[in-house]
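Participant: Here is the input, now give the coordinates:
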Amino acid sequence: MPEGDTVFRAATKLREALAGKTLTRCDVRVPKFATVDLTGCVVDEVISRGKHLFIRVGDASIHSHLKMDGAWLVGGQIRRVQPHKIRIILETDDSRTAGIDLGVLEILKRDHDMDVVAHLGPDLLGDDWEPRIARDNLVADPQRPLAEALLDQRVMAGVGNVYANELCFVTGYLPTTPAGDVKDPLRMVQRARDMLWLNRSRINRTTTGDTRAGRDLWVYGRVGRPCRRCGTLIQSDTSGDRVSYWCPNCQT
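Facilitator: Numbering: from 1, shown residues only. Okay, here's the model as predicted:
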């Protein structure tokens with residue numbers, strides 16, 4: 001599931017494939033931008049901001065957001081993708097990349113590309129990370145359910161549903177706990193930073209410290225299975241926009 005660490009890793013992969021090279025092909029398959037052709041321009045940099053990714057080429061910036069199903073692929077991976085899923089292809093003399101099922105794909109003026117992410121809170125994996133600002137944002141609405149606040153990218157950029165549920169577990173709070181009841185919100189946001197930072201280069205995300213399949217997460221996706229700490233069966237709530245998971249004994 002694309003979260004901040006996934007996008008950070010995608011940006012790293014694209015940077016290695018494209019940065020400093022001249023585009024020999026630019027095929028944008030989104031009607032609004034289908035006539036844009038950046039062939040002959042040099043890719044200056046690839047950066048991530050929370051769950052957003054920017055490829056800066058000449059005076060343009062290719063902005064994408066993976067949403068739920070999107071991905072950026074490089075090289076041979078692209079051959080396994082059905083053509084109708086490809087939203088953009090970028091090639092150089094020695095590399096080929098493609099954006100697949102991107103939730104957002106647009107071509108922006110480079111000078112103003114950061115305007116589309118100006119509303120985001122501190123980036124958990126970015127140079128602008130500031131835990132005290134994130135802490136203040138987290139508790140700004142003290143009655144807001146904790147998991148909902150963690151998922152709000154205006155609080156801090158990068159947390160998705162996996163991390164929201166895992167953070168609630170490791171800090172001992174139910175997802176429905178009012179954000180204002182968190183005793184140490186600074187520690188909460190610092191744990192979020194630690195989780196994403198440690199996973200930024202891993203394909204197999206883990207919050208337990210064990211990357212083996214089936215042992216990598218505490219509660220997310222484990223409804224009906226025993227809690228790894230106490231053995232109580234994990235519960236879930238599917239009534240909202242996002243599924244919540246928790247241990248009724250460890251989280252109170």
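Participant: where does Met1 land on pLDDT?
Facilitator: On the pLDDT scale, Met1 is placed at 59.
Participant: Now Asp44: which helix or strand?
Facilitator: Asp44 is part of strand 43-49, with elements assigned from DSSP states H and E.
Participant: what lines up beside that strand in the sheet?
Facilitator: Sheet pairing here is set by DSSP bridges, and for strand 43-49 it gives strand 52-57 (antiparallel).
Participant: what comes into contact with the strand it pairs with?
Facilitator: Contacting residues not belonging to strand 52-57 are listed as 7, 10-11, 14, 18, 23, 26, 38, 41-48, 61-66, 72, 90, 110, 113, 116-117, 120 [Cβ atoms under 8 Å, 6 or more residues apart in numbering]. All C-beta spots, glycine's among them, are computed from the backbone N, C-alpha and C.
Participant: Kindly recompute the last result at 7 Å.
Facilitator: 7, 10-11, 14, 18, 23, 38, 41, 43-47, 61-65, 110, 113, 117 (Cβ atoms under 7 Å, 6 or more residues apart in numbering).
Participant: Could you point out the helix or strand that follows it?
Facilitator: Next element after strand 52-57 (DSSP H and E): strand 60-65.
Participant: Can you classify the closest residue to His119 other than its chain neighbours as helix, strand or coil?
Facilitator: The shortest distance from His119 to any non-neighbouring residue, by Cβ to Cβ, 6 or more residues apart in numbering, is to Arg154 (5.8 Å). Recorded secondary structure, Arg154: coil (DSSP: H, G, I helix; E, B strand; the rest coil).
Participant: Could you report the separation of Arg154 from Thr171?
Facilitator: 21 Å (Cβ to Cβ, to the nearest Å).
Participant: more crowded one of these two?
Facilitator: More crowded of Arg154 and Thr171, by other Cβ atoms under 10 Å: Thr171, with 18 against 11.
Participant: Quick one: residues contacting the closest residue to that one other than its chain neighbours.
Facilitator: Using Cβ to Cβ, 6+ apart and skipping residues adjacent in sequence, the residue nearest Thr171 is Met188, 5.7 Å away. Met188 sits next to 138, 167, 171, 182 when contact means Cβ under 7 Å, 6+ apart.
Participant: And the residues you listed, which is closest to Asp210?
Facilitator: Leu167 (17.6 Å; Cβ to Cβ).
Participant: pretty sure the closest one contacts Ala192?
Facilitator: Yes: using Cβ atoms under 7 Å, Leu167 is in contact with Ala192, at 5.7 Å.
Participant: if you count what's nearby, which of these two comes out ahead?
Facilitator: Taking neighbours as other Cβ under 10 Å, Leu167 and Ala192 compare with Ala192 leading, 25 against 22.
Participant: Tell me which helix or strand comes right after the helix or strand where that one lies.
Facilitator: Under the criterion of DSSP H and E, Ala192 resides in helix 185-199. Later in the chain than helix 185-199, the nearest helix or strand by DSSP H and E is strand 235-237.
Participant: what sits up against that following strand?
Facilitator: Taking Cβ under 7 Å, 6+ apart as the rule, strand 235-237 contacts 223, 243-246, 248.
Participant: name the helices or strands packed onto the helix or strand just after that strand?
Facilitator: Once strand 235-237 ends, the next helix or strand along the chain (criterion: DSSP H and E) is strand 244-246. Counting contacts by 3 or more Cβ pairs under 7 Å, 6 or more residues apart in numbering; DSSP states H and E, strand 244-246 packs against helix 161-171, strand 235-237.
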